[in-house]
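>>> Structure here, sequence nowhere to be found:
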DNA sequence: CTAACTGCTACTAAAATAGTATCAGTTAGG
DNA sequence: CCTAACTGATACTATTTTAGTAGCAGTTAG
Ligand code: FES
Ligand code: FES
């Protein structure tokens, strides 16, 4: 029942660190050593965060990354969305033999319901909430 | 956000089929073809179900498996427990840099809370509930 | 006796996750 | 105007987890 992958977890940590340093650019190297995340891995994650406009970057010396959104408006489920293939509804695995009428399949319904529940719960956790110590 | 693995899913299906055939032994071969589950894979799963007393077996010709519990008393989370390494709490991945005092870490708390929530939700779904069409 | 079964052990294959290497292009600052 | 410190982008490799397979020994109905 691993709800978050390491990529998601790291992404959240990165956003949290950037939140704590809102007004300056932090380099990948800096974040890497601050949070003990492998450098190349963090580069990968930062690129994704950049592509989805969670952060902005500055190239060259003294460059790095800076938060591009209000941490109150990013939730853990927003991050999950991009790092764990958006809250995919688990494909129906029962077959006709068990549920002749798919629309009445109880398990499928229940799983979907629980997944939505999980998403909603994660949606309630903003980065801002995580960083206010 | 794959909540159930195939093994868990198959296990549930097997229990559901056995529930629908409470009073006779079903062979692995039969269940396999009824539910389109690979034969050797189902054997593996049945052995685990047997070890945990979800089912009883009969060896030899006309042998097979039969439910050993009241389907009202088995929940999806009971099955998850044995097939997905019991609802493990995801290991804390943030480090001291972010939360100096681990006992106050919000993310960790939130994840644990959500995992418990998921477990509770699955606990509410009994095999009996799934099979009553 | 034997075909149809389970019990058990040990594999192999495929997919997902985690992490690495490398090179081209940008820029602050000497 | 050079260069060290950066990012942009692509393309790997390694590790772990999940999915599925093979095969033999032992049991039993018919
Ligand atoms: S499990 Fe898919 S329709 Fe029932
Ligand atoms: S994430 Fe582990 S203590 Fe905060």
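Everything's here; your move. Everything quoted here is computed from the prediction, not taken from an experiment. Ligands and ions are numbered 1, 2, ... in the order given.
>>> Residue A:83 and residue A:48 touch, don't they?
Yes - applying Cβ atoms under 8 Å, one finds residue A:83 in contact with residue A:48, separated by 7.0 Å. Every residue, glycine included, has its C-beta placed from N, CA and C.
>>> Give me the more crowded residue out of these two.
Under the criterion of other Cβ atoms under 10 Å in any protein chain shown, the comparison of residue A:83 against residue A:48 puts residue A:83 first, with 21 against 15.
>>> Give me the distance between the more buried one and chain B.
Distance of residue A:83 to chain B, given as Cβ to the nearest Cβ, to the nearest Å: 11 Å.
>>> for residue A:66, same thing?
When distances are taken as Cβ to the nearest Cβ, residue A:66 and chain B turn out to be 18 Å apart.
>>> Now do the helices in chain A.
Listed from the start of the chain, chain A has helices (DSSP state H) covering A:6-20, A:28-35, A:39-51, A:76-83, A:106-123, A:127-131.
>>> In chain A, where is pLDDT below threshold?
By pLDDT under 70, the weakly predicted segments of chain A are A:85-105, A:133.
>>> correct me, but residue A:4 touches residue A:80?
Yes - A contact is recorded between residue A:4 and residue A:80 when judged using Cβ under 8 Å, the distance being 7.1 Å.
>>> Quick check: phi and psi on the residue of chain A found nearest DNA strand C?
Proximity to DNA strand C, evaluated over chain A using Cβ to the nearest atom of the strand, is greatest for residue A:60 at 1.9 Å. When read as degrees, to the nearest 10, the backbone of residue A:60 gives phi 80, psi -180.
>>> What parts of chain A come near DNA strand C?
Contact residues of chain A with respect to DNA strand C, defined by Cβ under 7 Å from any atom of the strand, are listed as A:5-7, A:38-41, A:43-44, A:58-63, A:84-85.
>>> hmm, 10 Å instead?
When proximity is defined as Cβ under 10 Å from any atom of the strand, chain A approaches DNA strand C at A:2, A:4-10, A:25, A:32, A:37-45, A:47, A:57-63, A:83-85, A:88.
>>> how far away is the residue sitting nearest the centre point of chain A from residue B:77?
Nearest residue to the geometric centre of chain A (Cα atoms, centre = their mean): residue A:79, 2.1 Å. Counting by Cβ to Cβ, to the nearest Å, the gap from residue A:79 to residue B:77 is 27 Å.
>>> Get me the contact residues on chain A for DNA strand D.
Contact residues, chain A versus DNA strand D (Cβ under 10 Å from any atom of the strand): A:1-2, A:25-32, A:39-44, A:46-51, A:55-66, A:90, A:93.
>>> Can you select the buried ones from the residues you listed in PyMOL?
Selecting only the buried members of those in PyMOL, with burial defined as 16 or more other Cβ atoms under 10 Å in any protein chain shown, works like this:
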select buried, chain A and resi 1+25+26+27+28+31+32+42+46+49+55+57+64+65+66+90+93
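>>> Could I get the buried residue list for stretch A:114-121?
Buried positions in stretch A:114-121, judged by neighbour count with 16+ other Cβ under 10 Å: A:114-115, A:118-119, A:121.
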